[in-house]
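> One predicted model, sequence on top.
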Amino acid sequence: MNARDLVENSRYRCWMGDLPRPLTQVPLSCLAIPGSHDSGAYGLDKSAGVSIDEPKSVSVLGSLCCGGGLSVISRWSVTQDLSLGQQLEAGIRYLDLRVCIKPDTADAHFLHGLYGSKVITALHEVIEFLVRNPKEFVILDFNHFHNMDDISHKQLLSDLKRLFGALIVPVNKHMSPWQMTLENIWKTRMRVIIFYSDKSSADMKEFWPNYAIPSPWPNTSDSRVLIDFLERNYTGNHRNSDGNFYVWQGVLTPGASTILAHLCGSLKDSIAPRATRAFLEWVANKEPGSRGINICLGDFIHLHDFIPSILRLNDKIQPRQ
């Protein structure tokens, strides 16, 4: 099944609304939630050149071989085949967002090696999804910023407040992470929580700080090292039982040597399958909970049974309710 067919036939479009009642009373930070890694790195634009998040060596590669270098960068930078709206339709509920002000413009874009969609334009798909599926809830995590000063941060923050409005869960004592259950959320208009990892949002009640959503990065291209990293975090209780969200990264990061050794390859074919399969094998015998599994991050989330495998973990919660 191709990506478009998967979205159109998705069984997981309304998985939150379809949960049995006992699970709607569990804090969202204690549920297993599928998330996408570098969610905005789809449909990247080779015509705009190498993006500003890359070192000079990558920019040099992009200038080689009459555009052939840009093709290599594209194959190793794209992390998703689906747009934000399609990812949500497929069952994703956490979006990992990397943002920049595109040089010579005033516009915020996604980026990862190359430039992606305009941020606010793409986020309209999130609004449209929530309007069509009023019992679903989305987590937006803005965690990498490039070429942004105080003015550009304030503009993006203002745009986000205007776009999502009353859908935003504000930072306040009336809806702590422990109280953030679907049952409680459905009694309100709130359907989105926004994390923003820059000090410019510190005094804005609409945006949650990044320390409320730890996301340890394995930073390896070796699946064995990835699993060792995850296992140490899990068995060592590195996750605090404070009710906050927590991200388990099931991804591998290719180094320059990996890319040079596979110039005709891609992240999708050479790295992502190893990462996802290793991660899903590891997570299969783990449990959701305040110190256990919560948000699970993957590349090319429509492949390798990623979304249903994560959602099946929630079946382990039911006997305890």
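That came through fine.

> Looks to me like Ser71 is in a helix.
Yes - Ser71 forms part of a helix when assessed by DSSP: H, G, I helix; E, B strand; the rest coil.

> quick one: pLDDT of it?
pLDDT recorded at Ser71 is 89.

> One more: Leu260?
Value for Leu260, per-residue pLDDT: 74.

> Would you mark the buried spots in the strand or helix carrying it?
For Leu260, the host element (DSSP states H and E) is helix 256-261. By neighbour count on 16 or more other Cβ atoms under 10 Å, the buried set for helix 256-261 is Thr258, Ile259. Every residue, glycine included, has its C-beta placed from N, CA and C.

> Please save the CA atoms from it in PDB.
Presented in PDB, the C-alpha positions along helix 256-261 are these (Å, rounded to 0.1, in the frame of the first residue of the first chain):
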ATOM      1  CA  ALA A 256      29.200  11.800   6.800                       C
ATOM      2  CA  SER A 257      31.000   8.500   6.400                       C
ATOM      3  CA  THR A 258      27.600   6.600   6.100                       C
ATOM      4  CA  ILE A 259      26.400   9.000   3.500                       C
ATOM      5  CA  LEU A 260      29.600   9.000   1.500                       C
ATOM      6  CA  ALA A 261      29.500   5.200   1.500                       C
END
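
> Which parts of the stretch 101-250 of the chain are helices?
Along the stretch 101-250 of the chain, counting by DSSP state H, counting those that start in this stretch, helices occupy 119-132, 150-164, 182-185, 223-235.

> can you tell me which of the ones you listed comes nearest to Gly91?
Among the helices of the stretch 101-250 of the chain, the nearest to Gly91 by Cβ to Cβ is helix 119-132 (11.4 Å).

> And the closest one, what does it pack against?
helix 84-90, strand 94-101, strand 108-112, strand 138-146, helix 150-164 (3 or more Cβ pairs under 8 Å, 6 or more residues apart in numbering; DSSP states H and E).

> Pull up the per-residue confidence for Asn49.
That one is not Asn; residue 49 is Gly. pLDDT, Gly49: 89.

> Residue ranges in the stretch 201-321 of the chain under the pLDDT threshold?
Scanning the stretch 201-321 of the chain for pLDDT under 70 picks out 318-321.

> if we can go back for a sec, most neighbours per residue, which of the helices and strands packed on helix 119-132?
strand 108-112 (a mean of 26; mean count of other Cβ atoms under 10 Å).

> contacts for that strand?
With contact meaning Cβ atoms under 8 Å, 6 or more residues apart in numbering, strand 108-112 is reached by 38-41, 44, 51-53, 77-79, 97-102, 115-120, 122, 146, 148, 152, 155-156, 159.

> Swap in 7 Å and give it another go.
The contact list for strand 108-112 (Cβ atoms under 7 Å, 6 or more residues apart in numbering) reads 38, 40-41, 44, 51, 53, 77, 79, 97-102, 115-120, 122, 146, 156.

> likewise stretch 248-268?
Under the contact criterion Cβ under 7 Å, 6+ apart, stretch 248-268 has outside partners 37, 72, 75-76, 78-79, 215-221, 223, 226, 230, 270-271, 274-276, 279, 293, 295-300.

> mind running it again at 8 Å?
When contacts are defined by Cβ under 8 Å, 6+ apart, stretch 248-268 is touched by residues 37, 57, 72, 75-79, 81, 215-223, 226, 230, 233, 270-272, 274-276, 278-280, 283, 293-300.

> ok, and the closest non-adjacent residue to Ile120?
Asp159 (5.1 Å; Cβ to Cβ, 6 or more residues apart in numbering).

> Let me know whether that neighbour touches Thr121 as I believe.
No - look at Asp159 against Thr121 with Cβ atoms under 8 Å: they stay out of range, at 10.6 Å.

> Now the common contact residues for the two.
The overlap between the contact sets of Asp159 and Thr121 (Cβ under 8 Å, 6+ apart) is empty.

> which is the next helix or strand following the helix holding Leu260?
Downstream of helix 256-261, the first helix or strand assigned by DSSP H and E is helix 272-283.

> what's the angle between that next one and helix 223-235?
Orientation of helix 272-283 against helix 223-235 (axes from the mean of the first three to the mean of the last three Cα atoms, to 10 degrees) gives an angle of 30 degrees.

> residues of helix 272-283 that come out buried?
The neighbour-count check on helix 272-283 (16+ other Cβ under 10 Å) flags Ala272, Pro273, Ala275, Thr276, Ala278, Phe279, Leu280, Trp282, Val283 as buried.

> So what touches the next helix or strand along the chain from it?
Next helix or strand after helix 272-283 toward the C-terminus (DSSP H and E): strand 295-298. With contact meaning Cβ under 8 Å, 6+ apart, strand 295-298 is reached by 32-37, 94, 96, 139, 213, 215, 245-251, 272, 275-276, 279, 283, 306, 310.

> Just the CA atoms of the helix or strand following strand 295-298, as CSV, please.
Downstream of strand 295-298, the next assigned helix or strand under DSSP H and E is helix 306-312. This file holds the C-alpha atoms of helix 306-312, laid out as CSV (Å, rounded to 0.1, in the frame of the first residue of the first chain):
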residue,chain,number,x,y,z
PHE,A,306,5.1,1.6,13.1
ILE,A,307,1.9,3.3,14.1
PRO,A,308,-0.2,0.1,14.9
SER,A,309,2.8,-1.3,16.8
ILE,A,310,3.0,1.7,19.1
LEU,A,311,-0.8,1.9,19.6
ARG,A,312,-0.9,-1.8,20.6
